[in-house]
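Asks: sharing a sequence plus its predicted fold:
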2 protein chains.
Amino acid sequence: MPASKGMPPKPEGPGERVGHAVEQVGQVVEQAGIAVGQAVDDIGGYIRSQRESAQVSLRQLARTAGVSNPYLSQIERGLRKPSAEILQQIAKGLRISAEALYVKAGILDEKPASDVTDAVFADPTLTERQKQVLLDIYQSFRRENDKPVVLGPSTELPDHEE
Amino acid sequence: MPASKGMPPKPEGPGERVGHAVEQVGQVVEQAGIAVGQAVDDIGGYIRSQRESAQVSLRQLARTAGVSNPYLSQIERGLRKPSAEILQQIAKGLRISAEALYVKAGILDEKPASDVTDAVFADPTLTERQKQVLLDIYQSFRRENDKPVVLGPSTELPDHEE
DNA sequence: GCACTGTGCTTGCAACAGCTAGCGCTCGGG
DNA sequence: CCCGAGCGCTAGCTGTTGCAAGCACAGTGC
């Protein structure tokens, strides 16, 4: 495999034997990359999965997050270890909480689990109607997540358009 | 004042007039340092005050925290900006929560005292974006409850009295 | 064919984080 | 006096982070 800049070459080699060899080398390299990513608690893979489920390109996220797109690419592939400030910016671009990324990056402990329904009912700052509305939305979100992946993008697209 | 390494020289100059001038220059320098520290939300000053109230020397804290003592000195004086990992180590040495230092450093928002927020963040059945949407609605409901006149007294006043 | 726009990635570099080696100073003991 | 232990800090160095410039590739329209 020749050293090429930019996109990796297509696996369509000139001959089948060469092509098979190229594919095997590529798999070894990919597995090494995955091992590196997992060694840092896979924050890069998590960012990529969030980005893909939001159907946003790497460049678009880099722009909304305010980081360079090569650097975001390196982060997603586990080649670099971003600071908390960068994670904060990426979270802003993904419209998720920075805390979620901090937990994945290992700089913040995951909060103990507690029940949303009980907490909403017990909250003294909400009216009863507001509690019901919140819980209706909560339940509909959970129903969406119980459905097959086919229904996932259809709910995500309206948010993406906003 | 000659350029000296290590500790600053004692203000006991050879003459009173010289001594007074040295003190005034020293105060100006100190005030400039304080301004720099405040520009980064005074995480350095906060660490120093925690260390002093624990009656621990800079070297002792550096040792228990596992960071170099010159670096801890620079952090306290606002000359360097520590990463979250270093803050985590310093928090361990001070026996305080890392979250407290993250908040001071500006990489973590101070948590609203709410069980609902915790519960939503911890819920494994929601995606990160759904969590954020739910919490945005929750916060806007609470803001509405701060202005009962807007939504009409018939729904708000009974709950408000409770 | 071409040019254009978009995609994700490579490469090299500057700035910064964090460290080591060492400084001057204070204090206490011999 | 000396020495040792402790104090906080300076200066120089190395490795890492985050970036800009640029690459190859894919898709679209003329």
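Replies: Sure thing, it's come through.
Asks: and A:Ala119, how many residues sit next to it?
Replies: By other Cβ atoms under 10 Å in any protein chain shown, the residues close to A:Ala119 number 18. For every residue, glycine as well, the C-beta is placed using N, CA and C.
Asks: isn't it right up against B:Ala119?
Replies: Yes. Taking contacts as Cβ atoms under 8 Å, A:Ala119 lies within contact range of B:Ala119: 4.0 Å.
Asks: can you name the residues that contact A:Tyr71?
Replies: A:62, A:80, A:82, A:86 (Cβ atoms under 8 Å, 6 or more residues apart in numbering or on different chains).
Asks: so which elements touch the helix or strand harbouring A:Lys92?
Replies: Assigned by DSSP states H and E, A:Lys92 belongs to helix A:84-94. Packing partners of helix A:84-94 (3 or more Cβ pairs under 8 Å, 6 or more residues apart in numbering or on different chains; DSSP states H and E): helix A:43-53, helix A:58-65, helix A:69-76, helix A:98-105.
Asks: between that helix and helix B:98-105, how many degrees?
Replies: In terms of direction (axes from the mean of the first three to the mean of the last three Cα atoms, to 10 degrees), helix A:84-94 departs from helix B:98-105 by 80 degrees.
Asks: please verify my assumption that A:Gly45 contacts A:Glu76.
Replies: Yes. Using Cβ under 8 Å, A:Gly45 is in contact with A:Glu76, at 7.3 Å.
Asks: quick one: which of the two has more around it?
Replies: More crowded of A:Gly45 and A:Glu76, by other Cβ under 10 Å: A:Glu76, with 22 against 17.
Asks: pretty sure that one sits against A:Leu58.
Replies: Yes. Counting by Cβ under 8 Å, A:Leu58 is a contact partner of A:Glu76 at 7.2 Å.
Asks: what is in contact with those two at once?
Replies: In contact with both A:Glu76 and A:Leu58: A:Arg51, using Cβ under 8 Å, 6+ apart.
Asks: where does chain A have low pLDDT?
Replies: The model of chain A has pLDDT under 70 over residues A:1-41, A:111-114, A:147-162.
Asks: domain parsing for it?
Replies: A:14-109, A:116-161 (automatic domain parsing).
Asks: what's stretch A:106-126 in contact with?
Replies: A:40-41, A:43, A:84, A:99, A:102-103, A:131, A:134-135, A:138, B:84-85, B:88, B:98-99, B:102, B:108, B:114-116, B:118-124, B:138, B:141-142, B:145.
Asks: now check the helix holding A:Lys92, is it near DNA strand D?
Replies: Yes. Counting by Cβ under 7 Å from any atom of the strand, DNA strand D is contacted by helix A:84-94 at A:85-86.
Asks: near DNA strand C at all, that helix?
Replies: No. Residues of helix A:84-94 contacting DNA strand C under Cβ under 7 Å from any atom of the strand: none, with a closest distance of 9.7 Å.
Asks: farthest-apart pair in the contacts of A:Tyr71, please.
Replies: A:Ala62 and A:Arg80 (13.3 Å; Cβ to Cβ).
Asks: okay, those two: which has more neighbours?
Replies: Shown here are A:Ala62 and A:Arg80; by other Cβ under 10 Å, A:Ala62 has more neighbours (22 against 16).
Asks: from chain B, how far off is the more buried one?
Replies: 18 Å (Cβ to the nearest Cβ, to the nearest Å).
Asks: quick one, what contacts that residue?
Replies: A:68-69, A:71-72, A:93.
Asks: neighbour-wise, which of those leads?
Replies: Greatest neighbour count in those, by other Cβ under 10 Å, goes to A:Leu72: 26 neighbours.
Asks: convert the C-alpha atoms of stretch A:126-136 to CSV, please.
Replies: What follows is stretch A:126-136, C-alpha atoms only, in CSV (Å, rounded to 0.1, in the frame of the first residue of the first chain):
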residue,chain,number,x,y,z
LEU,A,126,-43.4,22.0,38.8
THR,A,127,-47.2,22.0,38.5
GLU,A,128,-49.0,18.7,38.2
ARG,A,129,-49.8,19.4,34.5
GLN,A,130,-46.2,20.2,33.8
LYS,A,131,-45.1,17.0,35.5
GLN,A,132,-47.6,15.1,33.3
VAL,A,133,-46.4,16.8,30.1
LEU,A,134,-42.8,16.1,31.0
LEU,A,135,-43.5,12.4,31.7
ASP,A,136,-45.5,12.1,28.5
